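Undergrad: Requesting a structural model of the entry that follows:
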Amino acid sequence: MMSKTRIFALSMIVLMLIAFFSNPKQEQHEKIVREKAIMLLKQQAGKQNEQVVDFGIQLFGNTLIDQFMQNHVKIENYYLFSITKIQIGRQENTIGGGAFGSIWLSPKIDEKATEIAKMIKEGL
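TA: Below is the predicted model:
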């Protein structure tokens, strides 16, 4: 019969293996943040300008959002979990995390919506 310590150790190893193999990839983080950025742009534009934003995104082929992602969004992979960060000015904020095949965005991203929309529009 196995001791409780050995069962606990084996359980932790299994849990860590599951976490490692199900940690979301960088592309998954980027997709979630990109969708959220588009949603924030539409919110900032207001209901009557939503089609203009859609048209702009189609017209510019997501170039502004790609630039925003490249310059301001950073995904840090810690193998068992990952963290999504956004840089606004000189300040870096954690806006989400991923583990076990899921990605969660913090409500903090909504607090920064105006700044994020402005950065995307200005193409910074």
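
Undergrad: so how far is E30 from I116?
TA: 15 Å (CB to CB, to the nearest Å). The way it works is simple: take the backbone N, C-alpha and C, and place the C-beta from them, glycine included.

Undergrad: Also R6?
TA: The value you get for R6 to E30, if CB to CB is used, is 41 Å.

Undergrad: Compare I116 and E30 (neighbour count), which wins?
TA: I116 (24 against 16; other CB atoms under 10 Å).

Undergrad: So what touches the helix or strand encompassing that one?
TA: Applying DSSP states H and E as the criterion places I116 in helix 113-122. Residues outside helix 113-122 that contact it (CB atoms under 8 Å, 6 or more residues apart in numbering): A37, L40, L41, Q43, Q44, L64, I65, F68, H72, I86, I88, I109.

Undergrad: 7 Å instead, please
TA: Residues outside helix 113-122 that contact it (CB atoms under 7 Å, 6 or more residues apart in numbering) are A37, L40, L41, Q43, Q44, L64, I65, F68, H72, I88.
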